[in-house]
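K.L.:
Predicted structure and sequence below. I'll ask about it afterward.
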Amino acid sequence: MRDVAIIGAGMIPFGRRDENSLMDMLAYASLKALEDAGLGDKSVNAVYVGNMGAGIIQHQTSIASSLVDRLSLLPAAADVVENGPASGGSAVKNGLLAVASGYYDYVLVVGGEKMREITGWRATDFIATMTHPLAEYPYGITLPGMGGMFTRLYMEKYGVTREHLLAVSLKNQEMGALNPYAHVEMTLDREGIFDSPDAIVNNPTAADPLHLYDLCPVSDGAAALVLCPLEMAKKLTKPPVLIAGFGQATDTHTLQERDDPTDLKAVTLAARQAFEMAKLKPGDIDVAELHDAFTILEIAESEHVGFFKKGEGGKAAAAGKTRFGGQIPINVSGGLKARGHPVGATGVAQVVDIVFQLRHELPKNRQVKNARHGLTVNFGGFGNNVISFVLKRVEP
Amino acid sequence: MKKEIAITAFQCKKCGRIHYPYHDRCLDCKGREFEQIKPLGNARLLTYTVIYNLPWGFDQRFLILGVAEFENKVKAMGQIKVDSIDRLKLGMKVRPSWEPVRVQFGEDVYGLKFEPIGL
């Protein structure tokens, strides 16, 4: 197997992009990554597109074929990778394995989703299609609803409080406000959403015990990467970032069939595999992008990947250990909470953000000093399909 | 007339693990033979939530949902018949019933509902 490097990374601002089609967004992000890679007119051998909902939302299928045509990348191989909210991570994985195997040299990976062109009612239903069609979906369960039930159990077992969740929300919004790619570029006021009598109006219950500002927004957006063998990458101008480790694991479709529903086994296994492959430990990571679709998930994942002991993640967040400048900065991009969550784009965007960090090219107020190792966790379903990457800066 | 709860769970004949929904192989021992069992008796509420952003197909202000464990250890999700989530507690006993849970294409879709006991 060959070592695989990321040589190009690009993203378009997430948010509500009424002026763009899904294909526009995929193309714009791809062009940014290709230009960043400095490959000129050299074509890529293959394209992997992470997307969950084009068939449902846009009534458009075979979007990878459309994209290579639009970008004049013919006759590159082209595939869509659908794995729910982990579609982006799965697309990166497919690109990684294709290059590592020696079959392809240059691969474009792009993730994108356009979710704001349908009503919230429809978008909620679209996301809920990943629940079990007999045992869950008919009841009207939503992913925030799953998050609410999980949060209640986590609070009961580990003493996580709303104050802990609030710390994640405030932190990620604060960082998102500094990120030009973020969907929600605004900070939150603790008084307004938590302490004051009006807080219940400003920050109403969404999926008890989760409130509105515990949830990520519904977003449009796209992000892209270009991969090639590390040896070839060393000849290019920008410092390559090595995909040092990768892991993926699955868990039961329904929460109720897990022996302990608070145990996110797939997160633990995916991260462990990624660390083992990279020959690194959680303590070696300088910056992480965790899948905070709900604030509780950032806390739970920070424990399951090994940054903190079980039950300590909430306290760590409240103590500022996961802030920019803290012990382990988590979601410096603003995370899903502020950068947004166009489901098919998220797993790619997380890697793009870590690439920016490891190339040391972010402004001072977001650049983790001397960042050398980064971790991502892309969480599909309700933890039933999780993908994790460990990325490593390659010194020139 | 009260309808029978139309859920079938599957107990592995080799190791005894109870599955709902159906799997082709046991999640513990990979066994492929199952005894079909019905959820029995009342149930115990394992977790719950109330959601305010409902999916397409639900024309109501909120929906209270939970997962409960029946007396014979079958676990299943259902809607909870209560006017406020404040009346619920983890571990409380609930009475199951089989009732319309949503309407699709003009037809009632039946499913599990749980009603707290002793409120």
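P.N.:
Great, that's in hand.

K.L.:
got the residues of the stretch 251-396 of chain A near chain B?
P.N.:
Within the stretch 251-396 of chain A, the positions adjacent to chain B are A:Thr252, A:His253, A:Thr254, A:Leu255, A:Gln256, A:Glu257, A:Pro261 by Cβ under 8 Å from any Cβ of the partner chain. Quick note: C-beta positions are derived from backbone N, CA and C, even for glycine.

K.L.:
A:Thr250: how many residues sit nearby?
P.N.:
15 (other Cβ atoms under 10 Å in any protein chain shown).

K.L.:
and the nearest residue to B:Gly66 once chain neighbours are set aside, helix, strand or coil?
P.N.:
The shortest distance from B:Gly66 to any non-neighbouring residue, by Cβ to Cβ, 6 or more residues apart in numbering or on different chains, is to B:Tyr48 (3.4 Å). Applying DSSP: H, G, I helix; E, B strand; the rest coil to B:Tyr48 yields a three-state assignment of strand.

K.L.:
and the gap between B:Tyr48 and A:Asp284?
P.N.:
Distance, B:Tyr48 to A:Asp284, using Cβ to Cβ, to the nearest Å: 40 Å.

K.L.:
now B:Phe58
P.N.:
B:Phe58 is 47 Å from A:Asp284, where distance means Cβ to Cβ.

K.L.:
between those two, who's got more neighbours?
P.N.:
Higher neighbour count among B:Phe58 and A:Asp284: B:Phe58, with 19 against 14, using other Cβ under 10 Å.

K.L.:
Chain neighbours aside, what residue packs nearest to the more buried one?
P.N.:
Leaving aside its sequence neighbours, B:Phe58 sits nearest to A:Gly140 (Cβ to Cβ, 6+ apart; 5.0 Å).

K.L.:
low-scoring stretches of the chain, by residue?
P.N.:
All of this is about chain A. Nowhere does chain A drop to pLDDT under 70.

K.L.:
Switch to chain B, please.
P.N.:
Scanning chain B for pLDDT under 70 picks out nothing.

K.L.:
biggest strand in it, by residue count?
P.N.:
strand B:93-104 (DSSP state E).

K.L.:
A:Tyr181: what's it in contact with?
P.N.:
Each residue near A:Tyr181 by Cβ atoms under 8 Å, 6 or more residues apart in numbering or on different chains is listed here: A:Met11, A:Ile12, A:Pro13, A:Phe14, A:Gly221, A:Ser333, A:Arg339, A:Ala349.

K.L.:
Name the nearest of these relative to A:Asp208.
P.N.:
For the contacts of A:Tyr181, the closest approach to A:Asp208 (Cβ to Cβ) belongs to A:Arg339, at 25.6 Å.

K.L.:
Quick check: the residue of the stretch 1-150 of chain A nearest chain B.
P.N.:
Distances between the stretch 1-150 of chain A and chain B by Cβ to the nearest Cβ are smallest at A:Gly148, namely 3.3 Å.

K.L.:
any idea which element the closest residue to A:Ile56 other than its chain neighbours lies in?
P.N.:
Spatial nearest neighbour of A:Ile56, excluding adjacent residues (Cβ to Cβ, 6+ apart): A:Phe126 at 5.5 Å. Using DSSP states H and E, A:Phe126 falls within helix A:120-128.

K.L.:
Repeat that for A:Thr252.
P.N.:
Using DSSP H and E, A:Thr252 falls within no helix or strand.

K.L.:
Tell me how many other residues crowd the closest residue to it other than its chain neighbours.
P.N.:
Spatial nearest neighbour of A:Thr252, chain neighbours left out: A:Arg258 (5.5 Å); criterion: Cβ to Cβ, 6+ apart. For A:Arg258, the neighbour count with other Cβ under 10 Å is 18.
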